[in-house]
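>>> only geometry, no sequence info:
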């Protein structure tokens, strides 16, 4: 494991927790700042138990899980696997193939890294930084400025997998995309689901490429596909709500309301995919992420941020809380739709998995360099001591972005499963 990361500045060196600095430089009243933090923490804690709370206070006691004879007394992982198979219509055989293909692909990446070995043997460190074997020189993978300002996993100079944790953790995105591919044709929303599966596959491929090679151009595709994947389930719940309104309130024939809603879903989502693609193509042409990270907490503290081309924007406590509270907003919209419009919370098992994996992955990732930094486990294993395979492995599994990838891959799969369970209720 190499240690190519250097301090961004003497004032805010990499690895230093920036929360204290953000708090001190925020002119807002301490009471208001404390209130923002308390509300954010309360919201994230609420998400862990939100399914039970919503079911109790709304009076909606959906029995979807019991109707599908899911195991009640087994381990949660066993129950979740049974739920995925039941909801997506996957056979045990096809599920085994998907698992073998997903982990086999990333196993091949590990094998390639081992076989190619360390390209820095016989080179001075400065030469190694210029020689980014085995990636093409035209990809300019020696440009690590933006990467170092966003992620704290150390660079392994001269290796095929330069950041193994951030790279290999994308396996859950590939696994989820293949599951959705297989299941999409058995859904009324098959066309938009298929587009979602494609974008999830694009995310798996280009996130893997970005973290393995550090080719700056690949990050634009990575973020584009990530945004598209994040937005889909909210759009799908909105279309399920429209289907419910058309059928129950307006008296539209169920087949017609379903056709209108599914058509709207694919039209809206495809428009967003194309629109975001054009946006990130423009940002690539402007080389938005080829230099310093323009939206990081450190860049804002240093007075050189340029978020969305609007110039310097200071980082305040409310800014951090808004980032931290995104899971609450993300899940809050579908929950409101389910309770107030559809009248079903679907599978409670799937909802709990989706909410909890999202909270865990996203909250821990706030301690990556792009916002708060100061990830204690990473700072310990990535310190300047003698590198070894054990330290590389430990740094990989505690990397905030690696944790985000792994758990949000599960979030997207279980969130899709939950949406399918709600779809089944609407279609009755």
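The structure has been received and is ready for your questions. These numbers come from a predicted model, not from an experiment. Residues are numbered from 1 along each chain as shown.
>>> phi, psi of residue 289?
The phi and psi torsions at residue 289 (degrees, to the nearest 10) take the values phi -110, psi 20.
>>> quick one: contacts for it?
By CB atoms under 8 Å, 6 or more residues apart in numbering, the contact list for residue 289 reads 146, 216, 219-220, 283. Using the backbone N, CA and C atoms, a C-beta is placed for each residue, glycine as well.
>>> make it 7 Å
Each residue near residue 289 by CB atoms under 7 Å, 6 or more residues apart in numbering is listed here: 146, 216, 219-220.
>>> so where's the stretch 301-428 of the chain uncertain?
307-310, 384-385, 427-428 (pLDDT under 70).
>>> next: the stretch 101-250 of the chain.
119-133, 250.
>>> do that again at 50, thanks
Scanning the stretch 101-250 of the chain for pLDDT under 50 picks out the ranges 121-124, 127-130.
>>> who does the helix or strand containing residue 195 touch, helix- and strand-wise?
Per DSSP states H and E, residue 195 falls inside helix 190-213. The contact analysis (3 or more CB pairs under 7 Å, 6 or more residues apart in numbering; DSSP states H and E) places helix 190-213 against helix 164-168, helix 171-184, helix 216-244, helix 254-285.
>>> buried deepest among those, which one?
Most buried of the helices and strands packed on helix 190-213, by mean neighbour count (mean count of other CB atoms under 10 Å): helix 164-168, with a mean of 26.
>>> distance from the chain centre to that helix, please.
Its chain's C-alpha centre and that of helix 164-168 lie 14 Å apart, by CA atoms, centre = their mean, to the nearest Å.
>>> again, but for stretch 157-165
Using CA atoms, centre = their mean, the offset of stretch 157-165 from its chain centre is 21 Å.
>>> now swap in stretch 146-163 and tell me
19 Å.
>>> endpoints of it, how far apart?
Taking CA to CA, to the nearest Å, stretch 146-163 runs 14 Å from one end to the other.
>>> the residue most central in space within the chain: which element?
The chain has residue 408 as the residue nearest its centroid, 4.6 Å off, counting by CA atoms, centre = their mean. Assessed by DSSP H and E, residue 408 sits inside helix 400-427.
>>> of all the residues in that helix, which ones are buried?
Within helix 400-427, the residues scored as buried using 16 or more other CB atoms under 10 Å are 400-426.
>>> neighbours of residue 396, how many?
A count of nearby residues for residue 396, using other CB atoms under 10 Å, gives 23.
>>> surely it and residue 403 touch.
No - using CB atoms under 7 Å, residue 396 makes no contact with residue 403, being 10.3 Å away.
>>> coming back round to it: for residue 200, find the nearest of the helices and strands packed on helix 190-213.
helix 171-184 (3.8 Å; CB to CB).
>>> what sits up against the closest one?
Taking CB under 7 Å, 6+ apart as the rule, helix 171-184 contacts 84, 88-90, 94, 98-99, 101-103, 105-106, 190, 193-194, 196-197, 200-201, 203-204, 207, 405-406, 409-410, 412-413, 416.
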